[in-house]
Structures are given as structure tokens and as C-alpha cells.
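Visitor: Attaching a predicted model along with its sequence, questions to come.
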Amino acid sequence: MDVDVFVAVHRHEWQRLEQLTRRRRRLSGAEVDELVTLYRRTATHLSTIRSAAPDPVLVGRLSTLTARARSAVTAPRTPAWRDALLFLAVRFPAAVYRSRRWWGVTAVLFFALAAVVAAWVAHNPEVRDTVAAPEDIRRLTRPGGDFETYYSSAPAGSFAAQVATNNAWVTAGCLALGILLGLPVVFILISNAMNVGVSAGLMADAGRLDVFFGLITPHGLLELTAVFIAAGVGMRLGWTVIDPGPRTRAKAIAEEGRIALGMAVGLALVLVVSGVIEAFVTPSGLPTWARIAIGVTAEALFLAYVVILGRRAEFAGEHGDVASSDVADELPTVA
């Protein structure tokens, strides 16, 4: 076996393996596959050299290279806590900030519809008669009635879990159903806006609109913001089906779908906070101004978190998707 010829034939493979090994934390999916292939080839080359022409310098070089490549191939992934920190500090706020126009417009239209429905119900007795029987409305709106006692109808801990779970289903539905051109998301928003508007209208007619806002505002600000974000992202996903932009439709839907999945996790955490406020703050004996102040503070902190970290992440090129190295390789396609 001519060692010089062998080295000349395979030198470029060893050099490429060394390059990939040095960049192992910044490799794409295709480069990881290439790293594994070259590692196996170099290990075979090392075995061949040892058995046929045991040149000590070459054996030492290839032994060091295969050891480094083996470490790169079998090295453990980034610890889970680092992934979680990266998600909370970069990817989630980046995704929320990136879709701000979608959920901002959603919020404006939602409140506009709720206000119109509330005014309609409050000023039209015939409309109220179609909502419920007069006795049922009185039972709902009177002091100490069903609207007020709802928030203390169960132990705070179980009530918080129930509320957070229910709202998580609503947000997950908005995110997942967006793929259907966003139409189910619009239906969910209209239904919720009308429910809020009807409740507000009934309480306004009873002269208790202050009680309505005193009970809704502490948890409702954060809760509705999560719903708006989910709806905005869901409708963005639906629009991607129609207009994928410069990306292929399959790639665009895959990217937006992964972002929506991550948003579901982040918004679930937001809804847990909202549920805790609804269970422990809303029905508490605190003055109305104090309960509202807690809700406004929670909302302000969340928006500041989104704007500050999200803007910084977007400026750095983040948009909420997973790292390229975690995305499955794609087969080449003919345009």
C-alpha cells in the first residue's frame, strides 16, 4: 500500500471532517449528516492504515481526528434548561412581537364588536328578552348574583386549573385551526366578543357596569391578550396557506406551523398566570382599584417583556422558529 497515494486521495475528506468538527455547534441538518458519513469513512481509513501500513504520524493524526469527530457525533445535546431559557428569552417573545400587527388588529376589532353588542343589548329591551328570561337576567346581574359568585364558585386552586385549562383549549384551537384559512379562528373570536358584549350590556342595563369591569379587568386583560395573540398567529398561518411569499408553500406552512406550536406552549404559561389572578385576585376582598391595578400591572409587564425582548430578538434575526440544526432535512425538489 502506497501511503502517499492514500493520503493524496483522502486528504480532502479529512480536512472537511476537521472543519465540520470545529463548527459542530453551528451545523445544519445536511452538515450533520455529512459529519457522520465522514467520521465513518475516516474510522475505516484509520483501520486500513493500521493494518496495511502503520505510519505512526498518520495513525496519530487520524486517531486524533476520529476521536474529535466521535465526540462531535455523540456529544449530548444542549441541556433542556438552556432550551427552555432560550425559548422564554428569545424565541417566544420574538414570535409574539413578529405577529404584533395581526393580534393588534384582532384586539381592536374584538373590542369594537363587543362594544357594539353591549350597547345594542343595553338599549334594546326586546334584544334582552331574546337573551334570557327576565328572572334569569335579574339572577345574573343583581348584587351577589351569578355574575359575581361565579368567581368564587369553586376552591381557588381547582378554579385556577379549570380556567387555565379551558383558556388553553381556546388558544390552542385558534392556533391549530388557523391552517383552515383562518375561518374557524374568526368564528371563535366573534363568539367570544358577542359573549363579552352581551354580559356587559346586561350589567350596564342593571346599572352595574362598574362591577362588570371590576371583575373582568384583573384577569381579563392578560387572558384576552393571550387569545388575541393566538388568533393573530392562527390567522397568519391561514394567510400563509393563501400567500406563502417567496418560500414554497410547504416550507412556509411548516415554518409557521412550528412557530404556532411553540406559541401554544408560551401562551399556556401566560394563561396559567391569568388563571391564578382570576382564582385568587378577582374574587378576593381587595378594593376594586387594587384588583384592577394587579391586572394592569400583569398586562404591562407582559407587553414590556414582548416589546423589549421581542424587538431585540427580531433585530438579531430571530423569528420564533426552531434552530436550523433541529429541522429535518428536506429532499431537493425541482422548481
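Guide: Cool, got the structure. Please read all numbers here as calculations on a predicted model, not as lab measurements.
Visitor: okay, CA-based contacts and neighbour counts for the rest of this
Guide: Fine.
Visitor: If you drop the residues flanking it in sequence, what lies closest to the most centrally placed residue in the chain?
Guide: By CA atoms, centre = their mean, the chain has its centre lying nearest to residue 263, at 0.9 Å. The shortest distance from residue 263 to any non-neighbouring residue, by CA to CA, 6 or more residues apart in numbering, is to residue 92 (6.4 Å).
Visitor: which residues does that neighbour contact?
Guide: Applying CA atoms under 8 Å, 6 or more residues apart in numbering, we find residue 92 in contact with 262-263, 266, 310, 320.
Visitor: for residue 309, same thing?
Guide: 89-90, 93-94.
Visitor: distance of the residue nearest to residue 263 from residue 86?
Guide: As defined by CA to CA, to the nearest Å, residue 92 lies at a distance of 9 Å from residue 86.
Visitor: and if you look at residue 240?
Guide: 26 Å.
Visitor: Quick check on those two: which one has the bigger neighbour count.
Guide: residue 240 (23 against 12; other CA atoms under 10 Å).
Visitor: Surely the more buried one and residue 253 touch.
Guide: Yes - Residue 240 lies in contact with residue 253 (CA atoms under 8 Å); the separation is 6.4 Å.
Visitor: and for the two, which residues touch both?
Guide: By CA under 8 Å, 6+ apart, no residue touches both residue 240 and residue 253.
Visitor: if we can go back for a sec, inside helices: which ones of the contacts of residue 92?
Guide: Among those, the members falling in helices (DSSP state H) are 262-263, 266, 310.
Visitor: export the residues you listed to CSV and tack on distance to residue 211 and pLDDT?
Guide: What follows is the ones in helices among the contacts of residue 92, written out as CSV (distance: CA to CA, whole Å; pLDDT from 0 to 100):
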residue, distance to residue 211, pLDDT
262, 36, 84
263, 33, 87
266, 31, 90
310, 35, 93
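Visitor: List only those of these flagged as buried.
Guide: Among those, those buried by neighbour count (16 or more other CA atoms under 10 Å) are 262-263, 266, 310.
Visitor: In the stretch 101-250 of the chain, where is pLDDT below threshold?
Guide: The model of the stretch 101-250 of the chain has pLDDT under 70 over residues 153-154, 159, 163-164.
Visitor: what about the helices in it?
Guide: Here the stretch 101-250 of the chain has its helices, by DSSP state H, counting those that start in this stretch, at 125-131, 134-141, 146-149, 156-177, 183-205, 209-242, 249-280.
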